[in-house]
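> structure of the sequence below:
(one chain, ligands or ions: 2)
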Amino acid sequence: MDCLFCKIINREIPADIVYEDEHVLAFNDINPQAPTHMLIIPKTHIATLNDLEEADLALVGRLQYTAAKLAKEAGFAEEGYRVLMNCNEKGGQTVYHIHMHLMGGRRFTWPAG
Ligand code: 5GP
Ligand code: ZN
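Ligands and ions are numbered 1, 2, ... in the order given. Next up is the predicted model:
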C-alpha cells in the first residue's frame, strides 16, 4: 500500500521510533512544532477519523493512552501538553493514516489558529 506511515511500520522508510507494541507505533515528527513532537499511529491502516468503525474504538483509546504514557516518560505530563488529530484537508491532515500528535515542552494557546 502506498502509505507513508504503513511504510514506517514495515521499516521500509526509517523513522526515529520511540515506542512500539502489538497495536501502536510512536515516532518523532520530522518537522517538530514543539520541543517534543511525536506521532502515535495504529498499526492497521485507517485513512482518516471519518473511517473509524466501532471495532476501532479500543485502538483509539490505545493511541490516547500511549500519548499520556509517553508524556509521563518525557517528563511534561504534569505541566501539560497537547494531543490532537487532524482530519481531512481543512483540518490540516497531510498524511492519510490516522495519527495522534503529542506535543510538549512549551506552552500552547487556545483557541488554536
Ligand atoms: P498531519 O498534517 O497529517 O496531521 O500530520 C502529518 C505529520 O507527519 C506532520 O507533522 C509531518 O511533519 C509528519 N511527517 C510527514 N512525513 C514524515 C516522515 O517521513 N517522517 C516523520 N517522522 N514524520 C513525517
Ligand atoms: Zn497506512
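> does anything pack onto the lengthiest strand in the chain? Which helices or strands?
Taking DSSP state E as the criterion, the chain has its longest strand at strand 36-42. Counting contacts by 3 or more C-beta pairs under 8 Å, 6 or more residues apart in numbering; DSSP states H and E, strand 36-42 is packed against helix 4-9, strand 24-28, helix 57-74, strand 100-104. (Each C-beta comes from the backbone N, C-alpha and C, glycine too.)
> so which of the ones you listed is nearest ligand 2?
Closest approach to ligand 2 among the helices and strands packed on strand 36-42 (C-beta to the ion): helix 4-9, 3.4 Å.
> quick check: residues of this protein near ligand 1?
Taking C-beta under 6 Å from any ligand atom as the contact definition, the chain meets ligand 1 at 4, 15, 27, 29, 30, 31, 39, 86, 92, 93, 94, 95.
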